[in-house]
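Asks: With the input below, show me the fold.
(one chain, ligands or ions: 1)
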Amino acid sequence: MNIHALLVNRFNEALQEMGVENAPVPVSRSARVEFGEYQFNGAMALAKQLKQKPRDIAEKIVSIVKLDDIASKLEVAGPGFINVHLKDTWLANQCELALTDPRLGIAKSSPQNIVVDYSSPNLAKEMHVGHLRTTIIGDAVVKVLEFLGHNVIRQNHMGDWGTQFGMLLAHLSDKLQEEVAETALSDLEDFYREAKVRFDEEEGFADRAREYVVRLQGGDAQCLALWEKFIDVSIAHSEEVYDKLNVSLTRKDIMGESAYNEDLASVIADLKAQGIAVEDQGAQVVFLPELADKEGNPAVYIVQKSGGGYLYATTDLAAMRYRSGKLNADRTLILTDARQALHFKQTEIVGRKAGFMKEEQTYEHCPFGMMLGSDGKPFKTRTGGTVKLVELLDEAVERAGKLIAERDNELSEDELKEVARKVGIGAVKYADLSKNRTTDYMFNWDSMLSFEGNTAPYLQYAYTRVKSLFRRANVDIAALPVDITIAEKQEHALAVLLMQFEEVIGMVSRDATPHLLCTYLYDVASAFMTFYEACPMLKEGIEPNVRDSRLALCALVSKTLSQGLGLLGIETLEKM
Ligand code: ARG
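Replies: Modelled structure (predicted):
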């Protein structure tokens, strides 16, 4: 049920009846409860066209618009706003429909092919916090899109190719004289560091590294076998993180940079043939007057280095062509940190010029800010090193375990472990998801693990509260009559929120903004707590039909929370 869309429709019909065609139909949420739940504010803009005062136009619309079934009151306010107060009986009816529908009354969209490029770590090193946001946010976006019925194609564009692999493979080949790959690569950070030291300091090593690059790119079998060993162990490291995070990426979603190796020459040839790429100091570049600097110098986008080597950009052009042509992507969403924004802007311009995508296909870079430590600087270990994701996640579970053990609970040892895992991992994920992704965010254990405020533990706890209420009521919730009556203002407020789920999901799918879903669930949980205080269910003397109606609302709350948290990739618990 999408209230917003429904109101837009009805107001649009009214405008047409008044002879107004193709006018925008601005409907927004009201800022305060006194103003109802929604507001139509299009009357002001029509004043000129209709040569009438906005308030008169608003009155006219109120007299025409068909909202008797939905609204209890329409009032004209201020310069010509129309406030819409939703009707209790209608809300109750919509809640009943949602409760009896496995999709909670949320309609599917007309399905699109949507590529989501996320996580995409560089395999030369261990996954670090820089890849946390893309992995978590990407996975939530994917789940929301799938829920809406889209055909989502996950693309893990792993950095598994490029010159640094020469150095790594030369080092690995030496190490394999004494140990197996798994041991040699058990700590990728250390391995990388050792290789780099040798590259910088050891006589002849750099030359060997370069030789390896040439051999690798030339398809030398022995070199490829070594590369595969490296990649395999490194992917296993990422999988350990995916596993702990409970994200949906699997091996079949990997389409790393190496997968485009064969396409790169033809990308360049095509760009040259179309006169888009030109030679400049031995390199192949595209000049972009669209992105000129203040002096009018066009931006320079390099697609091939002077020695003939290809770049990150070349691979992204190949990926664009593949996703458009082979995967038939209506939309492509790419989640990386904001520092890559210019790269993707340039890639889109060049790719579109070259016809690598169709006009109607979208290319949406979804940037996010950095994760900062409590000192406001990029998140690092105490000694200034990069924080390994695996260790960070283990710490989260450990901290959650301690906190829960301190609380009043009746959990067995095993249950406590499970709760600690769900709460700890949930907290890390939610902390990330709940912030507007475009800004930097500060990593803080205490606030993310708090049971108060907009956190995973708070929402998980709210969910268990509904569940424990059901246990105490000692009724089979599924067998309860679905007959909801809304009488109290707390019930009204809760019902309105519950009916806004679809609207929120729609926004998340459009803009890749899971934080809106977080805020929404937090609002639902808070409205539930308020309702719970004000509207008793298990008290002596409560009429059975009132009790059942309230329990039905609670059932919808619990379904909404678990569905919403599920889309965010956060697990719920029966008790904690
Ligand atoms: N591997 C890159 C990094 O770690 C991210 C790749 C994102 N996707 C892409 N198509 N370029 O920064």
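Asks: Would you map the strands across the stretch 201-350 of the chain?
Replies: Using DSSP state E, counting those that start in this stretch, the strands of the stretch 201-350 of the chain run over residues 278-280, 283-288, 299-304, 331-337.
Asks: what's the helix or strand for residue 364?
Replies: Assigned by DSSP states H and E, residue 364 belongs to strand 362-368.
Asks: so which of the strands of the stretch 201-350 of the chain is the most packed in?
Replies: strand 331-337 (a mean of 22; mean count of other C-beta atoms under 10 Å). Backbone N, C-alpha and C define where each C-beta goes, glycine included.
Asks: Residue 393 - that's part of a strand, no?
Replies: No: counting by DSSP: H, G, I helix; E, B strand; the rest coil, residue 393 is not part of a strand but helix.
Asks: Look up how far residue 224 lies from it.
Replies: With distances taken as C-beta to C-beta, to the nearest Å, residue 393 is found 33 Å from residue 224.
Asks: Name the residue in these two with the higher neighbour count.
Replies: Between residue 393 and residue 224, counted using other C-beta atoms under 10 Å, the more crowded position is residue 393 (21 against 15).
Asks: so the more buried one sits right up against residue 241, yeah?
Replies: Yes: at 7.2 Å, residue 393 and residue 241 qualify as touching, with contact defined as C-beta atoms under 8 Å.
Asks: got the strands of the stretch 201-350 of the chain as TSV, with distance to residue 52 and mean pLDDT columns?
Replies: Formatted as TSV, the strands of the stretch 201-350 of the chain follow (distance: least, C-beta to C-beta, whole Å; pLDDT from 0 to 100):
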stretch	distance to residue 52	mean pLDDT
strand 278-280	59	96
strand 283-288	49	97
strand 299-304	50	96
strand 331-337	42	97
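Asks: Of all those, which one comes closest to residue 420?
Replies: With C-beta to C-beta, the closest approach to residue 420 among the strands of the stretch 201-350 of the chain belongs to strand 331-337: 28.6 Å.
Asks: Distance from the chain centre to the closest one, please.
Replies: 10 Å (C-alpha atoms, centre = their mean, to the nearest Å).
Asks: What of stretch 539-557?
Replies: That offset, for stretch 539-557, works out to 35 Å (C-alpha atoms, centre = their mean).
Asks: What residues of that stretch count as buried?
Replies: For stretch 539-557, burial by neighbour count (16 or more other C-beta atoms under 10 Å) applies to 547, 548, 549, 550, 551, 552, 553, 554, 555, 556, 557.
Asks: what about the third one, distance to the ligand?
Replies: In this view, residue 549 and the ligand are 50 Å apart by C-beta to the nearest ligand atom, to the nearest Å.
Asks: Hmm, that residue is touching residue 483, no?
Replies: Yes: Residue 549 is in contact with residue 483 according to C-beta under 8 Å; the separation is 6.3 Å.
Asks: so residue 145 touches residue 139, yeah?
Replies: No: contact criterion C-beta under 8 Å: residue 145 and residue 139 do not qualify, at 10.9 Å.
Asks: Between the two, which has more neighbouring residues?
Replies: Taking neighbours as other C-beta under 10 Å, residue 145 and residue 139 compare with residue 139 leading, 27 against 24.
Asks: Give me the pLDDT for residue 114.
Replies: Note on residue 114: pLDDT of 98.
Asks: Quick check: nearest residue in space to residue 229, chain neighbours excluded?
Replies: What sits nearest to residue 229 in space, not counting adjacent residues and going by C-beta to C-beta, 6 or more residues apart in numbering, is residue 181, at 4.4 Å.
Asks: Repeat that for residue 451.
Replies: Closest residue in space to residue 451, ignoring its immediate chain neighbours: residue 457 at 4.8 Å, by C-beta to C-beta, 6+ apart.
Asks: need the contact list for the residue nearest to residue 229.
Replies: Contacts of residue 181 were listed using C-beta atoms under 8 Å, 6 or more residues apart in numbering, and they are 172, 229, 230, 232, 233.
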